[in-house]
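Visitor: How does the following fold in three dimensions:
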Amino acid sequence: MGRFVYVDNAATTAPAPEVIAEIDKAMSDIWGNPSSLHVKGREAKHALDNSRERISSKLGCSANELYFTSCGTESNNWALKGTMAMTQRKHIITSKIEHPAVLNTCKALEKNGCRVTYLNVDGDGVVDLAQLKNSITDDTAVVAVMMANNEIGTLEPIKEIAEIAHSKGALMFTDAVQAIGSIPVDVHELGVDMLSFSGHKMHAPKGIGGLYIKRGTRIANLIDGGGQERKFRSGTENLPYIMGLARAFELAYDRFDDIPRIIAMRDRLIDELTKIPYSRLNGHRTNRLPGNINISFEFIEGESLLLLLDMVGICISTGSACSSNSLEPSHVLLSIGLPHEKAHGSLRISLCHNNTEEDIDYIIEQLPPIVKRLRDMSPIYPGDNN
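Guide: Prediction:
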């Protein structure tokens, strides 16, 4: 293998060296239990509180509104199940293109007697606000719409959705796992009551995440025990990863001036790859995450593309990493109107600040001939002259 290009950052990111150094410091020096009263415990408690302050300052919330979890999936489960356990309302509104961590949680709640409305999206993946207004009632407990789609990158109008939710006294929860670290996020500006995030999408390790819960929001305890995380999520805190997460937040917000460069690389890829016959961009052309490109190529399978690209050193995805072992077409692509045969031939390219123009050159060099090679083997491919 010659060149190596990693463009699957929506699945997971490489831990930043600065984050690894912060974790090493915690492992070697600040290894006490934050609940202990002696000097090593107090040292750990100070580091825990400091990390919470560092992250909350970036999100625009108070430190006591921030709770650490193991991942985005845990945070999503807690936000929805915890809300429904504390209310007499039985209705949830979400969208058809949510991450499985939200969709399957809603399905589980349906089995327990809750009603769920799944909102349609348009061809770009934007939630139907008219349907939301018609669906919300005084029985709606929570509206759950992701901030940025993990497959097609489309950004949702979260502030408007929150206003509609609050007009009926419902809570607003957004899964911001893909957004945090890629774009600036301020919870008060968005007007949300709960927001989830995950460390491994922003150059921190896997196994650490968080949930913002606005002060005054009624939500059930996630884990009972010794009373950590202000009694909501008991269990000794994962201090090394929490410290690493705080450092990752600082790095992400310091690097937001790099967003225009990432957008330029994204747009160049979109322009070049959509020149390939029988291809289409999925998601909104501009109102999308800076590093997200999702393109469908007709007459071929995305898995075949992925494997051949891997052979030339390009790490890429066919969609959500959480469902990449499934042979079923993406529920997101089907929801925006793609037929099964077109949805099967999709690729998701996700860039970050580590990517370079040389990476883009290499993808543009390698991908078109691979598409042609696979199409030439397809009995249904009509040729490029149409």
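Visitor: From residue 303, how far out is residue 333?
Guide: Distance, residue 333 to residue 303, using C-beta to C-beta, to the nearest Å: 14 Å. Every C-beta, even on glycine, is put in place using the N, C-alpha and C of the backbone.
Visitor: Counting neighbours, go ahead and name the busier of the two.
Guide: residue 333 (25 against 13; other C-beta atoms under 10 Å).
Visitor: Identify the residue spatially nearest to residue 224, adjacent ones excluded.
Guide: Nearest residue to residue 224, sequence neighbours excluded (C-beta to C-beta, 6 or more residues apart in numbering): residue 234, at 5.8 Å.
Visitor: So what are the structural domains in the chain, by residue number?
Guide: When the chain is parsed with automatic domain parsing, its domains come out as 5-13+256-376, 17-254.
Visitor: right, and the ones you listed - which one's nearest residue 384?
Guide: When the domains of the chain are compared by C-beta to C-beta, domain 5-13+256-376 sits nearest residue 384, at 4.5 Å.
Visitor: From the chain's centroid, how far away is the closest one?
Guide: 16 Å (C-alpha atoms, centre = their mean, to the nearest Å).
Visitor: Stretch 155-168 too?
Guide: Distance, stretch centre to chain centre, for stretch 155-168: 19 Å (C-alpha atoms, centre = their mean).
Visitor: Now do the helices in the stretch 101-250 of the chain.
Guide: Along the stretch 101-250 of the chain, the stretches classed as helices by DSSP state H, counting those that start in this stretch are 129-135, 158-167, 187-190, 239-254.
Visitor: where in the protein is pLDDT low?
Guide: Applying pLDDT under 70 to the chain picks out residues 1, 319-327, 385-386.
Visitor: got the contact list for the residue nearest to the spatial centre of the chain?
Guide: Centrality entry for the chain: nearest residue to the mean C-alpha point is residue 178, 2.5 Å, by C-alpha atoms, centre = their mean. Residue 178 makes contacts with 10, 146-150, 153, 201, 289, as judged by C-beta atoms under 8 Å, 6 or more residues apart in numbering.
Visitor: Now distance to residue 117 and neighbour count too, for the residues you listed, in a markdown table please.
Guide: Shown next, in a markdown table, are the contacts of residue 178 (distance: C-beta to C-beta, whole Å; neighbours: other C-beta atoms under 10 Å):
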| residue | distance to residue 117 | neighbour count |
| --- | --- | --- |
| 10 | 27 | 28 |
| 146 | 16 | 27 |
| 147 | 19 | 24 |
| 148 | 21 | 27 |
| 149 | 18 | 33 |
| 150 | 21 | 28 |
| 153 | 24 | 27 |
| 201 | 28 | 28 |
| 289 | 26 | 27 |
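Visitor: Cross these against strands and list the overlap.
Guide: Among the contacts of residue 178, no member falls in strands (DSSP state E).
Visitor: Return the member of those nearest to residue 271.
Guide: For the contacts of residue 178, the residue nearest residue 271 by C-beta to C-beta is residue 153; the value is 15.9 Å.
Visitor: The closest one contacts residue 286, doesn't it?
Guide: No - using C-beta atoms under 8 Å, residue 153 is not in contact with residue 286, being 10.6 Å away.
Visitor: Tally up the residues packed near residue 58, please.
Guide: Residues near residue 58, counting by other C-beta under 10 Å, number 18.
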